[in-house]
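A.B. asks: Pasting a predicted model and its sequence here:
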Amino acid sequence: MKSAALAIAMMWLTAFSNPSLQEMLKQSDDLFNKFDNKGAYEVLLSANKDYPNNAEVLWRLSRVEMHIADYMPIVTNQQKDAQLATYKVAYDYADSAVTANPKSSMAYTYRAATNGKIALFKGVFSVAPIVKQVRDDCERAIALDPNNAIAYYILGRTYAKLAEKPMLFRWPLGLAWGNLKDAIKFYQKAISLDPNFVMFRYGLAKAYVREDEYQKAKEQLQAIPTIPIRDQEDDSLKTEAAKLLQNIKNK
């Protein structure tokens, strides 16, 4: 136990006291925030070579790999297979980050995020164990960092997705726990922690619409146009949000 604790302590000391690593992490974050996934990925691969088994590097690799997969062409079956393979690589990076540092909230967050992508690809209701791990990893991420807005959002999205099917259908799969009431609660928490994220407000708005809470949905949708672009998907989400607002304007 002492040797394991010492190893973790040394890893944290290396991650946060070595300027070279911190510079590489900052450089990758800056590139990622400019939507330069390829550039961020190259920096992180170099960092992973110089600082192997570092959770801060690994979860960032998972994040970039996942975003790369999101924008891969998926017209042919071969392209779809390539996308799934890339999501699995992203998952492996996050899983390695959890192993490298079991106290890293972001490692669990991106293991949940990549697993969620895999579940959506395969069909959520055909991969119940994966969906349960998404929930468990989000809960672990939040326990480690109660201010982890992304983990709350993923949890809300998971609960909302499950609620698309009747509980009687989900019960034999062990997925009866998904419901819109809790999904809304998790979305609200994510927004309270980070109010300037388009996907958070759009997710909450859609959940409100499903609950016929149209005025509350409008409030979220009306806030979206003023939110700065922070994610590659934000432009398209803003367009979808405007369409949804138009569709419910008389409700």
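C.D. replies: Structure's in. What do you need? Residues are numbered from 1 along each chain as shown.

A.B. asks: quick one: the helices in the protein?
C.D. replies: Assigned by DSSP state H, the chain shows helices spanning 2-17, 19-33, 37-50, 55-70, 77-100, 105-122, 128-144, 149-162, 167-170, 180-193, 198-210, 214-223, 234-247.

A.B. asks: can you redo the ones you listed as TSV with mean pLDDT and mean neighbour count?
C.D. replies: Where you see a C-beta, it was placed from the backbone N, CA and C, and this is true even at glycine. Formatted as TSV, the helices of the chain follow (pLDDT from 0 to 100; neighbours: other Cβ atoms under 10 Å):
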stretch	mean pLDDT	mean neighbour count
helix 2-17	51	11
helix 19-33	93	15
helix 37-50	96	18
helix 55-70	98	24
helix 77-100	98	18
helix 105-122	97	24
helix 128-144	98	19
helix 149-162	98	24
helix 167-170	94	14
helix 180-193	98	20
helix 198-210	98	23
helix 214-223	98	18
helix 234-247	97	15
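
A.B. asks: ok, now which ones touch Leu155?
C.D. replies: Arg135, Cys138, Glu139, Ile142, Phe186 (Cβ atoms under 8 Å, 6 or more residues apart in numbering).

A.B. asks: how about the third one, what does it touch?
C.D. replies: Residues in contact with Glu139 (Cβ under 8 Å, 6+ apart) are Leu155.

A.B. asks: same thing but at 10 Å, please
C.D. replies: Counting by Cβ atoms under 10 Å, 6 or more residues apart in numbering, Glu139 touches Tyr108, Ala112, Ala151, Leu155.

A.B. asks: now swap in the second one and tell me
C.D. replies: For Cys138, the contact set (Cβ under 10 Å, 6+ apart) comprises 108-109, 111-113, 115-116, 148, 150-159, 186.

A.B. asks: if you set the cut-off to 6 Å instead, what comes out?
C.D. replies: The neighbours of Cys138, taking Cβ atoms under 6 Å, 6 or more residues apart in numbering as the test, are Ala112, Ala151, Ile154, Leu155.

A.B. asks: go on, Ser28?
C.D. replies: Counting by Cβ under 6 Å, 6+ apart, Ser28 has contacts Ala40, Val43, Leu44, Arg60.

A.B. asks: So of the residues you listed, which two are at opposite extremes in space?
C.D. replies: Of all pairs drawn from those, the one with the longest distance (Cβ to Cβ) is Val43 and Arg60, at 9.1 Å.
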